[in-house]
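Fold the following.
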Amino acid sequence: MSTTAVDGSQDGPPADALARARLGYLLKHAHLGYAAFANAALAPYGIDGRELAVLSFLSEQSLLSQQEVAQRLGVDRTTMVALIDALERRGLVERHPHPDDRRKNIVALTAAGRATTAGATEAANGAERRFLEPLGEAGARQLKDALRTLLGSGRN
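Numbers count the residues shown, from 1 in each chain. Here you go, the predicted structure:
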């Protein structure tokens, strides 16, 4: 199908088809589609994907300050403060003085935070599997490998 130019001539595929062929469009809309799956799966846990990323990171690390978590996750300080504050209000994390450096506070999961992280991780994994299901197992693995290659190429 083609579009009609101002002079009435046909000039190629429709604009929406051109947009759907662009990598940026495809990545954006794939992310939005995945986020809808993930957010629905995480809703029963009262957290979103960014909060799960923080909780997951904290479950694997210890003795990290809020600033160190922000640096390692690539999140700006202001955003991280808001994320930690929200998680702390819900009783999922606590701030404590660092045992070796009293000038610094560490962020740690509470028991509720560990339970939430475990359940939410399982729910998010299920959402990911459902989202990638049309690709099949090999296609999903290939997509993830290709994205890891692009992210690791040093051009990001």
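
Tell me where the protein has helices.
Taking DSSP state H, the helices of the chain run over residues 15-21, 23-42, 49-60, 66-73, 77-89, 111-132, 136-151.

which one of those helices lies closest to residue 100?
helix 66-73 (13.6 Å; C-beta to C-beta). The C-beta positions use only the backbone N, C-alpha and C, and glycine is treated the same way.

was I right about residue 96 contacting residue 106?
Yes - applying C-beta atoms under 8 Å, one finds residue 96 in contact with residue 106, separated by 5.5 Å.

between those two, who's got more neighbours?
When neighbours are counted by other C-beta atoms under 10 Å, residue 96 and residue 106 differ, and residue 106 comes out ahead with 21 against 10.

what stretches of the protein score poorly on pLDDT?
1-15, 18, 154-156 (pLDDT under 70).

Not counting residues beside it along the chain, what's closest to residue 123?
residue 41 (4.1 Å; C-beta to C-beta, 6 or more residues apart in numbering).

Number of residues surrounding the one you found?
Count around residue 41 with other C-beta under 10 Å applied: 21.

Is it in contact with residue 121, as I believe?
No - applying C-beta under 8 Å as the test, residue 41 and residue 121 come out as separate, 10.3 Å apart.

quick one, what contacts residue 58?
Residue 58 makes contacts with 64, 69, 93, 107-109, 113, 117, as judged by C-beta atoms under 8 Å, 6 or more residues apart in numbering.

before we move on, what about residue 128?
34, 37-38.

Compile those into a markdown table and extend it with columns for distance to residue 151.
A markdown table is the format used below for the contacts of residue 128 (distance: C-beta to C-beta, whole Å):
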| residue | distance to residue 151 |
| --- | --- |
| 34 | 16 |
| 37 | 21 |
| 38 | 19 |
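
mind giving me TSV with the residues you listed and columns for distance to residue 82 and neighbour count?
Putting the contacts of residue 128 into TSV (distance: C-beta to C-beta, whole Å; neighbours: other C-beta atoms under 10 Å) gives the following:
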residue	distance to residue 82	neighbour count
34	23	16
37	24	17
38	20	22
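
Let me know the closest of these to residue 83.
residue 38 (16.2 Å).
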